[in-house]
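Enquirer: Quick one, structure for this:
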Amino acid sequence: MKSILLLETSKLFFPKAPPFGLITLYEHLKSNKIKSEYLDVYNVLDNKVITKKNSNELIKLLINKLDDKILKFDVIGISIPFESCFEFVKTLGKKIKNLFPEKKIIIGGKYISFLFMNGFIDENLFENRFDYAVILDGERAITKLLKSSLGEKDLGKIPNLIFYKDKQINVNSINNDFDINKQTIIKQNNENLIFEYEIGRGCYYNKCTFCAYKYGNKINYREKSLSIIKKDLKKNKKELMNKNVFFITDAINPNQIRIISETLIKEKIKIKWFGFLRFDKDFSYELLSLMKKSGCSELVFGLESGDKRINNKIIKKGIKLKEAERIIKECNQLGIETIVAVVTGFPTETIFNAFNTFKFIYKNRRHIPICEIYTFKLLKFSELYKNPKKYGITKIYEKNNEFKFLAKKGNIYQKYLINLFVAFFYTFFNLFSPMIISIDTNKKMLGFIKEKIIDNLSKINSSKNRVHKHKCLYKYYTNVQMKTE
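Expert: Got it, this is the predicted structure:
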């Protein structure tokens, strides 16, 4: 049986986020009596060093401190939950492999699954860096890997495993049915602001055409048993009291959160909690009131588009804009802060469709503390990719590890106007509304506008003082800190 050192790197980028993924894997490995150790590299390095040093400098310092640890284990496991961690972990893996060529290195995490489902995992990822990658559910795969002899025959039988052998990538069968009822509440260190509890995996709706959850019909939606949730909440009452809790699942089911809320109230477990929701009509005022009473402080919603045609015909979001407005207003009345995410650049979307999204947010600006705007990315295993003609797509091509497309209409907007629209959206609402707007600043123009113009002007805009009654847990959770140049 092999031993493994689990390296958590995500807190270098999101220092306030609790280490959910690897710490749960660590607990699972311990229960299977596998020699393992969990190490948060954020705690290995000095905080002042992290903010001042770039990635390459940090990796040199990190490996110097980890030499003795690495020598004690057969396998090194590194998680890549976010795109922002990717280049850092690639460089780290290469350095470890060069210094310790006999060590096996395995990577996993949400971003690796994303790359796989979009066909972007190739030999360049593995060569001179990593030996294995685990996609989707990783608990059973890594347990079986460590119990195997690491021989080719054994490797081929391990589900959800990708391995690089003789300069060839091998992909095993995909099973995504790990029983999440076996997960316990993870005891977070007191220094963490947010305590995480997984209540489901996947999405209970699972019909949006832009989403890749339908990958080969392999991704199953699973909810943790309500009886187990009740038991966990009661058992960990002292641990949870007066903590901030993130109920983890891609979209909280209304029926599930009703039971959770009732349990929190009945057992007098005083927490502040948040999670991700759909604008589901079943989130009535009565249910939202119950959620507020149970400690709900904020909710993150995906609106995607404020245009009826895009929502109903193209992305098939399955929501009604009037219901979304109702839920936003009722949350505001109850004192639940809403974070609303919108996306622009869907197939056949024109500037006029995009402005309908702008108008929806403008109409509800007094009730939305935070809005996030993203540009659309086409995913390989989405319905839009598999049936492009049905949704007006005339051509799909690959460019810079992304799938681009042409459509029956909207091509001028996609090519020339989309970044201008996002810049306008960001600038207008940050300067002339009480909202805070977040954008993806990977693109140079948007990053320049944010850093050089908006951030400076917003400091003198007194309306921003009206936005939050308390520190927003969601933005605290997703705060990026480390330099990545």
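Enquirer: Not counting sequence-adjacent ones, nearest residue to Phe429?
Expert: Ranked by CB to CB, 6 or more residues apart in numbering and with sequence neighbours excluded, the top spatial neighbour of Phe429 is Ile437, at 4.7 Å. All C-beta atoms are positioned from the backbone trio N, CA, C, and that covers glycine.
Enquirer: so that neighbour sits in a helix?
Expert: No - Ile437 sits outside any helix when classified using DSSP: H, G, I helix; E, B strand; the rest coil, being strand.
Enquirer: could you list every residue that touches it?
Expert: Applying CB atoms under 8 Å, 6 or more residues apart in numbering to Ile437 gives the contacts 370-373, 425-426, 429-430.
Enquirer: which residues pair with it across the strands?
Expert: For Ile437, the beta-bridge assignment (DSSP bridges) gives partners Cys371.
Enquirer: for this protein, what are the low-confidence residue spans?
Expert: In the prediction, the chain carries residues with pLDDT under 70 at positions 15-20, 46-53, 150-153, 186-193, 213-219, 440-485.
Enquirer: Just give me the longest helix of it.
Expert: When the chain is scanned for its longest helix (criterion: DSSP state H), the result is helix 55-71.
Enquirer: which element follows it toward the C-terminus?
Expert: strand 75-79 (DSSP states H and E).
Enquirer: thinking again about what came up before, quick check: the residue nearest to Phe429 vs Leu99, distance?
Expert: From Ile437 over to Leu99 the distance is 44 Å, taken as CB to CB, to the nearest Å.
Enquirer: now the contacts of Ile437: which count as buried?
Expert: Buried members of the contacts of Ile437, scored by 16 or more other CB atoms under 10 Å, are 370-373, 425-426, 429-430.
Enquirer: Please identify which of these is nearest to Phe178.
Expert: Distance to Phe178 across the buried ones among the contacts of Ile437 (CB to CB) is lowest for Glu372, with 30.0 Å.
Enquirer: Now do the contacts for that closest one.
Expert: By CB under 8 Å, 6+ apart, the residues touching Glu372 are 339-342, 437-439.
Enquirer: go on, Ser3?
Expert: Counted by CB under 8 Å, 6+ apart, Ser3 has contacts 34-36, 72-75, 146.
Enquirer: would CSV of those with neighbour count and distance to Ser294 be doable?
Expert: Output for those, formatted as CSV (neighbours: other CB atoms under 10 Å; distance: CB to CB, whole Å):
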residue, neighbour count, distance to Ser294
Ile34, 17, 37
Lys35, 15, 40
Ser36, 22, 36
Lys72, 10, 45
Phe73, 19, 42
Asp74, 15, 45
Val75, 20, 42
Leu146, 22, 40
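Enquirer: between these, which is closest to Glu198?
Expert: Ser36 (19.7 Å).
Enquirer: That closest one touches Leu29, doesn't it?
Expert: Yes - using CB atoms under 8 Å, Ser36 makes contact with Leu29 at a distance of 4.4 Å.
Enquirer: Mind listing the shared neighbours of these two?
Expert: Contact criterion CB under 8 Å, 6+ apart; residues shared by Ser36 and Leu29: Ile4.
Enquirer: of all the contacts of Ser3, which comes closest to Leu58?
Expert: Closest approach to Leu58 among the contacts of Ser3 (CB to CB): Phe73, at 21.2 Å.
Enquirer: Give the phi and psi angles for that closest one, as a check.
Expert: Backbone torsions of Phe73, given as degrees, to the nearest 10, read phi -120, psi 150.
Enquirer: Where does the residue lying closest to it once chain neighbours are set aside sit: helix, strand or coil?
Expert: Once flanking residues are discounted, Phe73 sits nearest to Leu5: 4.1 Å by CB to CB, 6+ apart. When classified by three-state DSSP, Leu5 comes out as strand.
Enquirer: who does Leu5 bridge with?
Expert: Counting by DSSP bridges, Leu5 is bridged to Glu37, Ile76.
Enquirer: didn't it look like it was pressed against Asp40?
Expert: No - judged on CB under 8 Å, Leu5 makes no contact with Asp40 at a distance of 12.0 Å.
Enquirer: before we move on, back to that, which two among the buried ones among the contacts of Ile437 are spaced furthest apart?
Expert: Spanning the widest gap among the buried ones among the contacts of Ile437 are Ile370 and Phe425, at 13.6 Å by CB to CB.
Enquirer: and which of the contacts of Ile437 is nearest Ile248?
Expert: Proximity of those to Ile248 (CB to CB) peaks at Glu372, which lies at 18.6 Å.
Enquirer: Who has more neighbours out of Leu5 and Asp40?
Expert: Using other CB atoms under 10 Å, the more surrounded residue of Leu5 and Asp40 is Leu5, with 21 against 18.
Enquirer: what's near enough to touch the more buried one?
Expert: Leu5 neighbours (CB under 8 Å, 6+ apart): 36-37, 39, 69-70, 72-73, 75-77.
Enquirer: ok, back up a step: put the alpha carbons of the longest helix of the chain into PDB.
Expert: Output in PDB follows, covering the C-alpha atoms of helix 55-71 (Å, rounded to 0.1, in the frame of the first residue of the first chain):
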ATOM      1  CA  SER A  55       4.700  32.200  -8.400                       C
ATOM      2  CA  ASN A  56       8.200  31.000  -9.300                       C
ATOM      3  CA  GLU A  57       9.800  32.600  -6.200                       C
ATOM      4  CA  LEU A  58       7.100  31.000  -4.000                       C
ATOM      5  CA  ILE A  59       7.700  27.600  -5.500                       C
ATOM      6  CA  LYS A  60      11.400  27.700  -4.800                       C
ATOM      7  CA  LEU A  61      10.700  28.700  -1.200                       C
ATOM      8  CA  LEU A  62       8.000  26.000  -0.900                       C
ATOM      9  CA  ILE A  63      10.100  23.100  -2.200                       C
ATOM     10  CA  ASN A  64      13.000  24.100   0.200                       C
ATOM     11  CA  LYS A  65      10.600  23.800   3.100                       C
ATOM     12  CA  LEU A  66       9.000  20.500   1.800                       C
ATOM     13  CA  ASP A  67      12.100  18.500   1.000                       C
ATOM     14  CA  ASP A  68      11.900  16.300   4.100                       C
ATOM     15  CA  LYS A  69       8.100  15.800   3.800                       C
ATOM     16  CA  ILE A  70       8.200  14.800   0.200                       C
ATOM     17  CA  LEU A  71      10.900  12.100   0.900                       C
END
